[in-house]
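Student: Attaching a predicted model along with its sequence, questions to come.
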2 protein chains.
Amino acid sequence: MTTDERAGLRDRERVRIDVSAQDGEARTGTLWTRRGPVPTPAFMPVGTAGSVKGLLPGQVRELGASIVLANTYHLHLRPGEEIVRELGGIQAFSGWDGPVLTDSGGYQVFSHGERRRLDDDGVTFRDHIEGSERRLTPARSIEIQEALGADIMMALDDCTGKPTERAAAAEALRRTTRWMPVNIAARRDDSAALFGIVQGGIFDDLRQESLEATAAAGFDGLALGGVSVGEGRENIRRVIAEFGPRFPAATPRYLMGIGKPDDLVEAVAAGFDMFDCVMPTRHGRNAQVFTRGGLLNMRNACHKSDPRPLEEGCGCPACRQFSRAYVRHLYVSNEMLGGILGTLHNLWFYLELMREMRAAIAEGRFAAYRQAFHARLAEGLAP
Amino acid sequence: MTTDERAGLRDRERVRIDVSAQDGEARTGTLWTRRGPVPTPAFMPVGTAGSVKGLLPGQVRELGASIVLANTYHLHLRPGEEIVRELGGIQAFSGWDGPVLTDSGGYQVFSHGERRRLDDDGVTFRDHIEGSERRLTPARSIEIQEALGADIMMALDDCTGKPTERAAAAEALRRTTRWMPVNIAARRDDSAALFGIVQGGIFDDLRQESLEATAAAGFDGLALGGVSVGEGRENIRRVIAEFGPRFPAATPRYLMGIGKPDDLVEAVAAGFDMFDCVMPTRHGRNAQVFTRGGLLNMRNACHKSDPRPLEEGCGCPACRQFSRAYVRHLYVSNEMLGGILGTLHNLWFYLELMREMRAAIAEGRFAAYRQAFHARLAEGLAP
């Protein structure tokens, strides 16, 4: 690392959150990483295989993203972490010059891997591409993430537990806690940050136990994991609202894999700093675009000759130049540009939401912002 | 049209070619259109359905394109020319602010339409999307092209004739000639240019007859059509070399649907000014990228960890930032960005070729350029 890239970090710091303003539990500030600052609350576009689908890294930057997420499982399988390392790490490889957070690979093993056998030291599985048998352990996950060149790594956790079944949630929590020191001991790159993950399903006592164990383990940041995996939206909201404020204030707080725009507003209200979700990019490819009043399905015939932009007043590259009529035509004709424009718009929507919330918190009007956001959404789509 | 947009055109001119330098038969200059100038020789990226596949119009412009082609058949079926007209024409609709040339739709009717019945007044067919019966005549083609807002329209011709069968070629030529005045009489928009198409297959006497008829018909420009439809490369090359120089010098000369980079060098050598081809965009999506030594298949394992750009010294947005290793990874992982980067590179390759030829002609060294181009290609791919 050069001094320049570490600017903002002090000796031996791997990451630091500076909270510049707080409004209720919501907070805004800067997450310092070895590869530059990230204004928080921050949304991280998902670049699964080392590319935010359909966009050039310069476009992602122009939308206002300052950090992206890459998936360890996917990059491990293709092209393989050794190739990424050989090419100079994920930034040089992918052309994204800002900070990169990688997940541990665990979640993808459980969603894509086949014939999984979980034991107390890791998980054995067959990959979904070649079908070859592979093994992921905390030490192996850290090794892969370091080879990829992640600026923020995630500890391997057990995310198999059904969050609504107490015995399963407790078992996943036990294993996750057992793996914490193994993750930490495995690190070799002392400038990359490592975040731990709080498990515990929908059970407050288990969540609290996990939070305490994770906070005590020596991680550089904490994440709330195992949410949005089938426990229902009310349960998610409750866990977020209840536990966000309990996360140590001096630590970056990352809510994993969430969510819809209104979920993000609630998560920011609970004091979370960092977010990721495939929704804006995946929906963008599938002709679903976000507006303040809800999702528009751009394949609908009602947009056929509509000269308006996807959303009135939106400053994204799609809305600045194109009509709904054109965007609909592109989707209906299966033109690549449809998915590109939808992705540009949706990511802008998420990143703009973050900009608005940062400003609202800084100016002490977050409660009013939050209320207005939900009220507008409840009004629904404009005709 | 505003005065500004007509700058370069004199009263009642719809298009004009100013030849600023000639070198052998090759020529360079400016094609003036009602929507601005086009440096020639010019390559026109193909935007079939109103989008150069995978690219934003700003990217197409940044690559150096100054005119694009759109397909009348596709836009007629989806979204329909009335919607394009309602949204302000193809430029306002698609966000491309330069000149647009549309084909007549005839070629696509013959390649995509079903149950075609050709008669002396037009063609009846079922479209390949909805299967509904439709009819295309010269008057209908012009009407659609005007509704789309084309700056240069193409006359409907009969392109059914097998170019190597004399009777069929003669019949197609007869019908094409018969339709010429019908195309011309159908125009309502007096500022859009209309080009006629020379048919005749591989038969010099038929080509000459068609050229004379087309030149005399009163078109604003002339195109060589019915090439590259199965007659073999040597025959194509011969027709191009033989007939390019016979096209009237004062007229824009458009070679339709051609071709590979070395075909374009030969066509420029024969005095053609304008070209279109789907090859750079289609190949780009299919992992085939152009280099001076020939096509690279970017799915090949040999690129797996290659840190070099697609082509050394290339100034395209893909080569300026990304390695072959990354581009290969994107294609192998079916990431959209692979096709986008391949398209950016290939279109740059074609447009750069045009820039080089314009400079070589202007500086009187086109013969040397042409020889060096073919020699480099004959050397083949670098290891």
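Tutor: Cool, got the structure.
Student: Only C-alpha atoms from now on, for both contacts and neighbour counts.
Tutor: OK.
Student: what does the stretch 251-383 of chain A put close to chain B?
Tutor: Proximity of the stretch 251-383 of chain A to chain B, by CA under 8 Å from any CA of the partner chain, involves residues A:304-305, A:307, A:321-323, A:325-326, A:329-330, A:333, A:335-337, A:340.
Student: Could you find the closest non-adjacent residue to A:Ala287?
Tutor: A:Met298 (5.1 Å; CA to CA, 6 or more residues apart in numbering or on different chains).
Student: Could I get the contacting residues of the one you found?
Tutor: Shown in contact with A:Met298 (CA atoms under 8 Å, 6 or more residues apart in numbering or on different chains): A:Ala287, A:Gln288, A:Val289, A:Arg324, A:Val327, A:Arg328, A:Tyr331.
Student: what would those look like in TSV with neighbour count, distance to B:Leu344 and pLDDT?
Tutor: Listed next are those as TSV, based on neighbours: other CA atoms under 10 Å in any protein chain shown; distance: CA to CA, whole Å; pLDDT from 0 to 100:
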residue	neighbour count	distance to B:Leu344	pLDDT
A:Ala287	24	24	98
A:Gln288	22	27	98
A:Val289	26	26	98
A:Arg324	23	26	98
A:Val327	30	21	98
A:Arg328	25	24	98
A:Tyr331	21	21	98
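Student: does the residue nearest to the spatial centre of chain A have beta-bridge partners, and which?
Tutor: Central residue of chain A (CA atoms, centre = their mean): A:Asp276, 1.7 Å from the mean position. A:Asp276 has these beta-bridge partners by DSSP bridges: A:Met44.
Student: Out of the residues of the stretch 251-383 of chain A next to chain B, who's the most crowded?
Tutor: A:Tyr326 (29 neighbours; other CA atoms under 10 Å in any protein chain shown).
Student: I'd guessed that residue sits against B:Phe93; true?
Tutor: Yes. Counting by CA atoms under 8 Å, B:Phe93 is a contact partner of A:Tyr326 at 6.1 Å.
Student: Pull the contacting residues for the closest residue to A:Ala382 other than its chain neighbours.
Tutor: Closest residue to A:Ala382 apart from its sequence neighbours, by CA to CA, 6+ apart: A:Gly293 at 6.9 Å. Going by CA under 8 Å, 6+ apart, A:Gly293 touches A:Arg376, A:Leu377, A:Ala378, A:Glu379, A:Gly380, A:Leu381, A:Ala382.
Student: Recalculate using a threshold of 7 Å.
Tutor: By CA atoms under 7 Å, 6 or more residues apart in numbering or on different chains, the residues touching A:Gly293 are A:Arg376, A:Leu377, A:Glu379, A:Gly380, A:Leu381, A:Ala382.
Student: any idea which of those is closest to A:Ile184?
Tutor: Nearest to A:Ile184 among the contacts of A:Gly293: A:Leu377, at 42.5 Å, using CA to CA.
Student: surely the closest one meets A:Leu295?
Tutor: No. Under the contact definition of CA atoms under 7 Å, A:Leu377 does not touch A:Leu295, with a separation of 9.8 Å.
Student: and after whichever strand or helix holds A:Arg174, which helix or strand comes next?
Tutor: Using DSSP states H and E, A:Arg174 maps to helix A:166-186. Next helix or strand after helix A:166-186 toward the C-terminus (DSSP H and E): strand A:193-198.
Student: Check the average confidence over that following strand, would you?
Tutor: Across strand A:193-198, pLDDT averages out at 98.
Student: And for stretch A:96-105?
Tutor: On average, stretch A:96-105 scores 97.
Student: Would you mind writing the CA trace of it as PDB?
Tutor: The C-alpha coordinates for stretch A:96-105 follow below in PDB (Å, rounded to 0.1, in the frame of the first residue of the first chain):
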ATOM      1  CA  TRP A  96     -12.400  -0.900 -10.600                       C
ATOM      2  CA  ASP A  97     -10.000   1.400  -8.700                       C
ATOM      3  CA  GLY A  98     -11.900   1.800  -5.400                       C
ATOM      4  CA  PRO A  99     -12.300  -0.500  -2.400                       C
ATOM      5  CA  VAL A 100     -13.600  -4.000  -2.800                       C
ATOM      6  CA  LEU A 101     -15.400  -6.100  -0.300                       C
ATOM      7  CA  THR A 102     -15.600  -9.800  -0.800                       C
ATOM      8  CA  ASP A 103     -17.900 -12.200   0.900                       C
ATOM      9  CA  SER A 104     -16.600 -15.400   2.400                       C
ATOM     10  CA  GLY A 105     -18.000 -17.700  -0.300                       C
END
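Student: For the stretch 101-250 of chain A, just list every one of the strands.
Tutor: In the stretch 101-250 of chain A, the strands defined using DSSP state E, counting those that start in this stretch lie at A:114-118, A:123-126, A:133-136, A:152-154, A:193-198, A:221-224.
Student: Format those strands as a markdown table; extra columns: distance to B:Ser132.
Tutor: Rendered in a markdown table, the data for these read as follows (distance: least, CA to CA, whole Å):
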| stretch | distance to B:Ser132 |
| --- | --- |
| strand A:114-118 | 46 |
| strand A:123-126 | 49 |
| strand A:133-136 | 52 |
| strand A:152-154 | 56 |
| strand A:193-198 | 58 |
| strand A:221-224 | 55 |
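Student: With mean neighbour count and distance to B:Arg14 as extra columns, can I get those in CSV?
Tutor: Output for these, formatted as CSV (neighbours: other CA atoms under 10 Å in any protein chain shown; distance: least, CA to CA, whole Å):
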stretch, mean neighbour count, distance to B:Arg14
strand A:114-118, 14, 65
strand A:123-126, 19, 65
strand A:133-136, 16, 67
strand A:152-154, 26, 60
strand A:193-198, 27, 64
strand A:221-224, 25, 65
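Student: mean pLDDT for the ones you listed: which is lowest?
Tutor: Here the strands of the stretch 101-250 of chain A differ in mean pLDDT, and the lowest is strand A:114-118 at a mean of 86.
Student: Look up the residues forming beta bridges with A:Ala70.
Tutor: Bridge pairing for A:Ala70 - DSSP bridges - gives A:Thr102.
Student: and the gap between it and A:Gly196?
Tutor: Going from A:Ala70 to A:Gly196 by CA to CA, to the nearest Å gives 17 Å.
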